[in-house]
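Novice: sequence plus the predicted model coming up.
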Amino acid sequence: MEYLLELKEIYKKFPGVVALQNVDFSLQKGEIRALVGENGAGKSTLIKIMTGALQPDAGSLFWMGQPVSLNYPWKARQIGIAFIHQNRSLIPFFSGFENIYLGRPYPRKPTGLVHWKKIREEVKVVISRYHLLVNMDKPIQELPAGEQTMIEIVRTLLDKTNLIVLDEPTATLTNAETQLLFQAIRTLKDQGVTFIYVSHRIDEIFEVADSVTVLRNGKVMKTLPIHEAKKSDIVSLMAGETVLSTFPPPPPIGFSPTVLSVQLLTVPREQIKNINFSLRKGEILGIFGLVGAGQGELVETLFGMHVPFSGTILIDGEKVNIQNPRSAIQNGILLVPGDRLLQGLIFPFNVRENITLPMLWRFRKNWLFPIPDRRKENKLVGEMITNLNIRTSGGEQNVATLSGGNQQKVVLSKWIGYGAKVLLCNEPTLGVDVVSRREIYRFLYDLARQGTGIIVCSADIEEILAISHRIGVMNHGELVDIFPNENITKTDILSRSCLRNETE
Amino acid sequence: MSNKILRQYGTLIALLVIVVIFSALKPGAFPTFANLVNITRQISLLTIISVGATIAMVVAEFDLSIGAVASFGGVLAAGFTVQGMNVVLSMLIPIGLSFLFGLGNGYLITRFRIFSFIATLSTGTILGGVTFWYTGGATIFGGIPDSFLWLGQAKIGFIPVPTILMIAVVVFFWFIFSWTEFGRRLYAIGGNPVASRLSGVHVSRDKTYAFGLSSLLSAFTGVILASRLGSAHPTGGSGMLLQAYAAVFLGMTAFKAGIPNIWGTFIGSLLIGVVANGLTMLQVPYFLQDIVTGMIVILAVILQHIDEWRG
């Protein structure tokens, strides 16, 4: 039997990680295939290989039975494979018509001017052939997210298209928009278009897909028709039950008072709803959520980065008013931000200048004229470099020349001497090697022992399981569950984070 | 390695080469002590206003109102003395008003998130209008007392007062930027405003001060200019806007590649001053000086990116 697309024995390695191991994957014409897996399971690598954005290190691809080499994205386009990115690539103030012809030769009038009438006619033919409902005249920015996705689909349909890869298409859609998109997908399927549908949302897969492939750690765990699959099976296939980490557990905490409590926190703009929890001194609370579930936005809100919000934040039992990062810092709430390049480090600065920036006033020679004392600065920076084992030639090295792990340690060092009551960490070990990870955890444990309450939010379940006293799970902007880290499995956490309800 | 030297010291090397060429062409007049003193006096105004522009550039913003503020400061100071105000007050009040004007620029930019380019272009235009209104478009020259002229025309020993003022401004702001918390914070903001904010730096306040200082130095320049000329014209400072940014960009190619810095700005201003001085001696027409200055800036910036375009 001949497949539309077939991948055999695909192997792909990145520095330090094997992203895909001997992956076999095949698609039939007119199929809607869901592709699921945890963060880092290899989904993006696999779709990049299918769309020509990445080359496999080994393995072969077949298109309608013939071997193909997709060494450029345009080659994939040429044979009819289209990729619709999670982040739309449309120009916001152009209309649908104007956007659709970007990057392809415009039909011209004999005078050389663009033949808009012809463009309209061509697009209308496509829209009516596939029975799509979409407004092509309004500027994109005035359209709901769902219609924007449709416009991207229409754009791919102008050329011969056999296979459309959708990456998390519903992440920003409302339920009604999602239904419209599904309808469009089904219509296109009836006309013979094949889909690969990548999503974190297991419920949706059961609505729209014909079959599902589960990836874990770069391997295909299973491919099965949707009517033979059960939600719980898919989640446990995604999670696996191997584990657990080689990282030491967090220091034990006895009875200790509450340092932070959050009541009914709602941030409309970040779609965060009704968050309630409390944190004790010396406790490490891990918050897990899939990408886009809102855990990063939650800690950013506690640090004053997203206003306005409603709800109450109490530190040591007293209500605090947090309107910006400075007021959070003054109240003893500190954040290790999620993106160290954009939010953490100052690039023309060296290690010393980065570390001492938040507390320059501590190094004053005298109180009359605010001049930092270089010797005092060097002393603190020296201690940090030793404590955290930052591999650098010294405080005067530019941070741009450090490795990711060491850069992250510099960001952590900024908050050390500060006397944090609550330390918030957003993805503290993203892109950090294993050795540095261990050192970062050891550092967090030291702070916990000294009584700092710590919140670590992460999309890495194993990290959450390794270092937390308690675990919270976020799903669609809500803190759906919070429980002690005892006899918890990856499956438990994952199912709470990607299913709408616990009950099926 | 040679690329690195070119990048860091290219502007200095260019300055030396130009000095050598002029010395060879005009051995009796150019490389003399008297001419050196003369050059420092000629560049003093440009240097002071360029330091102002540098402060705004350090926080990664443009202040395009500096020329208008210089005109405003000079005209107001001259006008006040002519009306009989105490000379010191007649200089300090315009400088103080300009400082407030700069804070206003900073407020507009940080509070309403307007691009500094647009905000200062507009407020500078408004201030230019106010200056014209004040003088009725005329040059102020009659009735300026001699004491007003001291700042721009006197010498202490053999050193002109503007030279001393220039050195004081350069050293003072070099100190601020190298050794104080405020200077460190300004560089942090210019390097990464988001990370600075998340580190607890009061970004909007410090940026506002930066604009205040930029205006203050521009007005100071305008006052010295009026004192030097013994007259003040409502567009007297506008010609310095582009020259000041030429000095700043030249300065960003010296010492710290790509980062505005005070000594670099001084070198940039010196380079422009030396070229103007030498070409004048060679009796080259004035328009050619502009052409040469513009070409030097382009060349310096190209040299700074030498690694990129060779690769």
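Specialist: Structure received.
Novice: contacts, neighbours, all on C-alpha from now
Specialist: Fine.
Novice: which strand residues bridge the nearest residue to A:G311 once chain neighbours are set aside?
Specialist: The shortest distance from A:G311 to any non-neighbouring residue, by CA to CA, 6 or more residues apart in numbering or on different chains, is to A:L265 (4.2 Å). Counting by DSSP bridges, A:L265 is bridged to A:I275.
Novice: show me the contacts for A:L265.
Specialist: Counting by CA atoms under 8 Å, 6 or more residues apart in numbering or on different chains, A:L265 touches A:I272, A:K273, A:N274, A:I275, A:N276, A:F309, A:S310, A:G311, A:T312, A:I313.
Novice: just the buried residues from those, in ChimeraX please.
Specialist: Paste this into ChimeraX to select the buried members of these, with burial taken from 16 or more other CA atoms under 10 Å in any protein chain shown:
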select /A:272,273,274,275,276,309,312,313
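Novice: list the buried residues for whatever helix or strand B:F99 lives in?
Specialist: According to DSSP states H and E, B:F99 maps onto helix B:87-111. Going by neighbour count (16+ other CA under 10 Å), the buried part of helix B:87-111 is B:87, B:90-92, B:94-110.
Novice: can you narrow these to ones near chain A?
Specialist: Filtering those for proximity to chain A by CA under 8 Å from any CA of the partner chain leaves nothing.
Novice: off-centre distance for the helix holding B:F99?
Specialist: 16 Å (CA atoms, centre = their mean, to the nearest Å).
Novice: for that helix, name the packing helices and strands.
Specialist: With contacts taken as 3 or more CA pairs under 8 Å, 6 or more residues apart in numbering or on different chains; DSSP states H and E, helix B:87-111 sits against helix B:66-82, helix B:116-135, helix B:203-229.
Novice: turn those into JSON lines, including distance to A:K231 and mean pLDDT.
Specialist: Shown next, in JSON lines, are the helices and strands packed on helix B:87-111 (distance: least, CA to CA, whole Å; pLDDT from 0 to 100):
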{"stretch": "helix B:66-82", "distance to A:K231": "66", "mean pLDDT": "97"}
{"stretch": "helix B:116-135", "distance to A:K231": "54", "mean pLDDT": "96"}
{"stretch": "helix B:203-229", "distance to A:K231": "49", "mean pLDDT": "97"}
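Novice: quick one: pLDDT of B:D307?
Specialist: On pLDDT, B:D307 comes in at 61.
Novice: A:D316 and A:S256 touch, don't they?
Specialist: No: assessed by CA atoms under 8 Å, A:D316 is found out of contact with A:S256, at 11.6 Å.
Novice: where are the low-confidence patches of the chain?
Specialist: No chain specified, so I'll use chain A. For chain A, residues meeting the criterion pLDDT under 70 lie at A:1, A:16, A:87, A:241-246, A:417, A:500-504.
Novice: my bad, the chain I had in mind was chain B
Specialist: Looking at chain B by pLDDT under 70, you get B:1-4, B:6-7, B:306-311.
Novice: would you list the helices and strands packed on helix B:87-111 in a markdown table and tack on distance to B:F175 and mean neighbour count?
Specialist: Converted to a markdown table, the helices and strands packed on helix B:87-111 look like this (distance: least, CA to CA, whole Å; neighbours: other CA atoms under 10 Å in any protein chain shown):
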| stretch | distance to B:F175 | mean neighbour count |
| --- | --- | --- |
| helix B:66-82 | 22 | 30 |
| helix B:116-135 | 26 | 18 |
| helix B:203-229 | 15 | 27 |
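Novice: does A:T170 fall in a helix, a strand, or a coil region?
Specialist: coil (DSSP: H, G, I helix; E, B strand; the rest coil).
Novice: and A:T172, its phi and psi?
Specialist: phi -110, psi 10 (degrees, to the nearest 10).
Novice: so it touches A:Q148, yeah?
Specialist: No: with contact defined as CA under 8 Å, A:T172 does not reach A:Q148; the gap is 10.7 Å.
Novice: so where do the strands sit in the stretch 151-300 of chain A?
Specialist: A:163-167, A:194-198, A:211-216, A:219-225, A:258-267, A:272-280, A:284-288 (DSSP state E, counting those that start in this stretch).
Novice: deepest of those strands, which one?
Specialist: strand A:284-288 (a mean of 28; mean count of other CA atoms under 10 Å in any protein chain shown).
Novice: three-state assignment of A:S26?
Specialist: strand.
Novice: show me what contacts it?
Specialist: A:Y3, A:L4, A:L5, A:E6, A:L7.
Novice: what does the stretch 201-350 of chain A put close to chain B?
Specialist: A:P325, A:R326, A:I329, A:L335, A:L342, A:Q343, A:G344, A:L345, A:I346, A:F347, A:P348, A:F349.
Novice: quick check: which element contains the second one?
Specialist: It stands for A:R326. Using DSSP H and E, A:R326 falls in helix A:325-330.
Novice: now the residues of the stretch 201-350 of chain A next to chain B in CSV, with neighbour count, distance to A:F14 and secondary structure?
Specialist: As requested, those are exported to CSV (neighbours: other CA atoms under 10 Å in any protein chain shown; distance: CA to CA, whole Å; DSSP: H, G, I helix; E, B strand; the rest coil):
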residue, neighbour count, distance to A:F14, secondary structure
A:P325, 25, 37, helix
A:R326, 22, 40, helix
A:I329, 23, 39, helix
A:L335, 29, 30, strand
A:L342, 14, 24, helix
A:Q343, 19, 26, helix
A:G344, 26, 25, helix
A:L345, 30, 26, coil
A:I346, 29, 28, coil
A:F347, 19, 26, coil
A:P348, 19, 29, coil
A:F349, 21, 30, coil
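Novice: and of those, the nearest to B:A244?
Specialist: A:P348 (23.5 Å; CA to CA).
Novice: doesn't A:Q397 make contact with that closest one?
Specialist: No: using CA under 8 Å, A:P348 makes no contact with A:Q397, being 10.4 Å away.
Novice: relative to helix B:203-229, how tilted is the helix holding B:F99?
Specialist: Interaxial angle of helix B:87-111 relative to helix B:203-229 (axes from the mean of the first three to the mean of the last three CA atoms, to 10 degrees): 150 degrees.
Novice: residues contacting helix B:87-111, please?
Specialist: Contacts for helix B:87-111 (CA under 8 Å, 6+ apart): B:69, B:72-74, B:76-78, B:80-81, B:114-116, B:119-120, B:123, B:147-148, B:204, B:207-216, B:219-220, B:223.
Novice: mind running it again at 6 Å?
Specialist: Helix B:87-111 is contacted from outside by B:73, B:77, B:80-81, B:116, B:148, B:204, B:208, B:211-212, B:215-216, B:219, using CA atoms under 6 Å, 6 or more residues apart in numbering or on different chains.
Novice: follow-up on the earlier one: for chain B, state which of the contacts of A:S26 is nearest.
Specialist: When the contacts of A:S26 are ranked by distance to chain B (CA to the nearest CA), A:L7 comes first, at 37.7 Å.
Novice: which residues does that closest one bridge with?
Specialist: Here A:L7, judged by DSSP bridges, has bridge partners A:F25, A:L61.
Novice: number of nearby residues for residue 200?
Specialist: Reading this off chain A. 23 (other CA atoms under 10 Å in any protein chain shown).
Novice: think we crossed wires, I meant chain B
Specialist: For B:G200, using other CA under 10 Å, the count is 19.
Novice: all good on my end, thank you.
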